[in-house]
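*Asks:* Fold the following, please.
(chains A and B)
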Amino acid sequence: MPVSADIMEALRLELRRGTLILAVLGTLRAEKYGYTLKTELGERGVEIDEGALYPMLRRLETQGLLTSQWREDAKRQKRFYRLSSDGAAALEQLAGEWRAMNASLESILKRTER
Amino acid sequence: MTELVERYLAAVERLLPDTTAKDIVAELREALLAKLEAQENQLGRAATTDEIADVLKAFGPPPVVAARYEGRMHLVGPVLYPWFWPTQRTAIGIVVAVYLVLAAIRALAADNPVQVMLQRIDNVVGLGLIMFAAVTLVFVAVERWADPVKLFERRWDPKSLPYETIRKPRSLFEAAVSLFFDALFILVWLQLVPFPNELPLRDSASVSIVLSPAWSLVYWPILALALLACAGHIHDMVRPAWNRIRSAMSILGYAGGLVVLGVLFQRRPFVDVQPRPGTGPEDLERALQLVDGVLLVGLGLAGVIWAIALGLEVRRQVRALRTSYGAASVAA
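*Replies:* Here you go, the predicted structure:
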């Protein structure tokens, strides 16, 4: 019996949830505001809804991983985000874990494909 | 900035905690503007209202957007939570108000009204708690067995957002007090609650005041208008901000009230007076002139106020039509 579209969508969302944080932290090594961050993520193949992105940015800032600053740019006030020093340390650690997990998963997936 | 975007942001802001609302909304405004600006650059022209509505729809219904800023899990989740307390207050308020009015009617018929009323008031807390539990169960059931996010996304149309900029939202207290007096008026009008109609005059004389036959012509219209006012005040409790449906109800109410006044003014006097023992014909005539004069001034003032309110409400409708259907540019 094929897996229903709803179940697949839920599984896909669950799989992406953790990786999005990593993608956002990685992209914010350089300062960006919300719209340019979303655009850059999209160009690199990581699509994210604004509805999910902005609350995530706020949460990461509350956790001390990002810093933000309101500044005028192109005649409009924009909120610019960048990685904090704590965020940079967290990113380094998470990236290491991601690579290790990725290697393990690759090995598992290769075995199941055989 | 377009009117529609501002209405959307106002709807989101109302659902956010006061401490963070302004900051979150400022960022959402920037995000929406950037998105709309990019779309306009791509189109090479100003976005139409429908196109702006599509962008807002993709952004998500206000309760869903506001809920994303609330990370904790609840018995009643963040999507439904903004409706939880207003619904509780409305449901408990209506049940308690109806109970108290019915209790007052029974107390008035009793030998010792104060004692009977106090005994009835004892039950109010229990009644309120039962209502609270019932409403909570309904919310928990919707949370568990329906998908609130999908429910809102399916039914939501950005163009139906209330116009908070067109009229300040009504307070819950104001709506509840108005609803209480509406209910009391209906009970008096249906003669379920007696209305003291004896007017004392000098030298222990008195007269009974009764409505003139002209009122029987407008008996049902007045009842319908009172029920319409009730519906309007219940609407204010659930959705306090201005919207077209509520405005249409007000227009109907004010226009109906003016028609009723027109009928009554053509058939004066407004009341009849009946003598009580010891009251002479002069007293009768004086009492009739006094009460009719007071009603003439009172109803005349009501007519002026309703006419002004009708004009204001029609103006708001016209303003809403202009802002909603005109093509709007983000850059404008």
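
*Asks:* mind listing what the residue in chain A that chain B sits nearest to touches?
*Replies:* At 3.6 Å from chain B, A:Y35 is the closest residue in chain A, using Cβ to the nearest Cβ. (Each C-beta comes from the backbone N, C-alpha and C, glycine too.) Listed by Cβ atoms under 8 Å, 6 or more residues apart in numbering or on different chains, the contact partners of A:Y35 are B:30-31, B:34-35, B:38.

*Asks:* now, among those residues, which is nearest to chain A?
*Replies:* Among these, and counting by Cβ to the nearest Cβ, the member closest to chain A is B:A34, at 3.6 Å.

*Asks:* and that closest one, what is it in contact with?
*Replies:* Per Cβ under 8 Å, 6+ apart, neighbours of B:A34: A:33-35, A:78.

*Asks:* Put the buried members of those residues into a ChimeraX selection.
*Replies:* Only the buried entries of these go into this ChimeraX selection, using 16 or more other Cβ atoms under 10 Å in any protein chain shown:
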select /A:33,34,35,78
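
*Asks:* Looking at the contacts of B:A34, spot the one nearest B:C230.
*Replies:* A:G34 (45.6 Å; Cβ to Cβ).

*Asks:* Can you check the pLDDT for the closest one?
*Replies:* A:G34 carries a pLDDT score of 91 in this model.

*Asks:* Quick check: closest non-adjacent residue to it.
*Replies:* B:A31 (5.1 Å; Cβ to Cβ, 6 or more residues apart in numbering or on different chains).

*Asks:* Between its first and last residues, how far does stretch B:183-195 reach?
*Replies:* One end of stretch B:183-195 sits 14 Å from the other (Cα to Cα, to the nearest Å).

*Asks:* what about the longest helix in the chain?
*Replies:* Using chain A. helix A:85-113 (DSSP state H).

*Asks:* hm, I was asking about chain B
*Replies:* helix B:281-325.

*Asks:* Around chain A, pick out the residues from the stretch 51-200 of chain B.
*Replies:* Residues of the stretch 51-200 of chain B lying close to chain A (Cβ under 8 Å from any Cβ of the partner chain) are B:59-60, B:64-65, B:68-69, B:71.

*Asks:* which of these has the most neighbours?
*Replies:* B:V65 (24 neighbours; other Cβ atoms under 10 Å in any protein chain shown).

*Asks:* That one against B:V12, yeah?
*Replies:* Yes. Using Cβ atoms under 8 Å, B:V65 makes contact with B:V12 at a distance of 5.3 Å.

*Asks:* what do these two both touch?
*Replies:* B:L28.

*Asks:* Can you verify B:F84 is assigned to a helix?
*Replies:* Yes. B:F84: assigned to a helix according to DSSP: H, G, I helix; E, B strand; the rest coil.

*Asks:* Give me the neighbour count for it.
*Replies:* 17.

*Asks:* Contacts for stretch B:287-305, please.
*Replies:* B:199, B:201, B:207, B:209, B:257-258, B:261, B:264-265, B:268-273.

*Asks:* Leaving out chain neighbours, which residue sits closest to B:F139?
*Replies:* Per Cβ to Cβ, 6+ apart, closest to B:F139 is B:V76, 4.7 Å.

*Asks:* So that neighbour, which state does it fall into?
*Replies:* Reduced to three states by three-state DSSP, B:V76 is coil.

*Asks:* Spit out the contact partners of it.
*Replies:* With Cβ under 8 Å, 6+ apart, B:V76 has these contacts: B:84, B:136, B:139-140, B:143.

*Asks:* Restricted to helices, list those residues.
*Replies:* Per DSSP H, the contacts of B:V76 map to helices at B:84, B:136, B:139-140, B:143.

*Asks:* tell me which residues in the host helix or strand of the residue of chain A closest to chain B are buried?
*Replies:* Assigned by DSSP states H and E, A:Y35 belongs to helix A:34-43. The neighbour-count check on helix A:34-43 (16+ other Cβ under 10 Å) flags A:34-38, A:41 as buried.

*Asks:* now swap in stretch B:297-305 and tell me
*Replies:* Buried residues in stretch B:297-305 (16+ other Cβ under 10 Å): B:299, B:303.

*Asks:* ok, back up a step: closest one to A:K110 out of the contacts of B:A34, please.
*Replies:* A:G34 (38.4 Å).

*Asks:* Now do the contacts for the closest one.
*Replies:* Counted by Cβ under 8 Å, 6+ apart, A:G34 has contacts A:50, A:53-54, A:57, A:78-79, A:81, B:27, B:30-31, B:34.

*Asks:* What's the local residue count around residue 100?
*Replies:* All of this is about chain A. Using other Cβ under 10 Å: A:A100 sits among 10 other residues.

*Asks:* should've been chain B
*Replies:* So B:L100, with other Cβ under 10 Å, has 18 neighbours.

*Asks:* now it: how far from chain A?
*Replies:* 44 Å (Cβ to the nearest Cβ, to the nearest Å).

*Asks:* thinking that residue is in contact with B:G128, fair?
*Replies:* No. Contact between B:L100 and B:G128 fails when scored by Cβ under 8 Å: they sit 11.3 Å apart.

*Asks:* so of the residues of the stretch 51-200 of chain B next to chain A, which ones are in strands?
*Replies:* Among those, no member falls in strands (DSSP state E).

*Asks:* quick one: low-confidence ranges for chain A?
*Replies:* Applying pLDDT under 70 to chain A flags the ranges A:1, A:112-114.

*Asks:* Please identify the residues of it in proximity to chain B?
*Replies:* A:33-35, A:49-52, A:54-55, A:58-59, A:70, A:76-79.

*Asks:* Between which two of the residues you listed is the distance greatest?
*Replies:* A:R59 and A:R76 (24.2 Å).

*Asks:* Just the buried residues of whichever strand or helix holds B:F132, please?
*Replies:* Using DSSP H and E, B:F132 falls within helix B:113-145. By neighbour count on 16+ other Cβ under 10 Å, the buried set for helix B:113-145 is B:116-117, B:120, B:128, B:131, B:135, B:139, B:142-143.

*Asks:* do you know how far B:V188 is from chain A?
*Replies:* 51 Å.

*Asks:* Also B:V101?
*Replies:* 45 Å.

*Asks:* and B:L252, how many neighbours does it have?
*Replies:* 16.

*Asks:* Just the pLDDT at it, thanks.
*Replies:* 96.

*Asks:* Am I right that it is in contact with B:A229?
*Replies:* No. Using Cβ under 8 Å, B:L252 makes no contact with B:A229, being 10.2 Å away.

*Asks:* With adjacent residues omitted, what lies nearest to B:A134?
*Replies:* That would be B:A91: by Cβ to Cβ, 6+ apart, it lies 7.8 Å from B:A134.

*Asks:* and the one you found, what element?
*Replies:* Going by DSSP H and E, B:A91 is in helix B:81-109.
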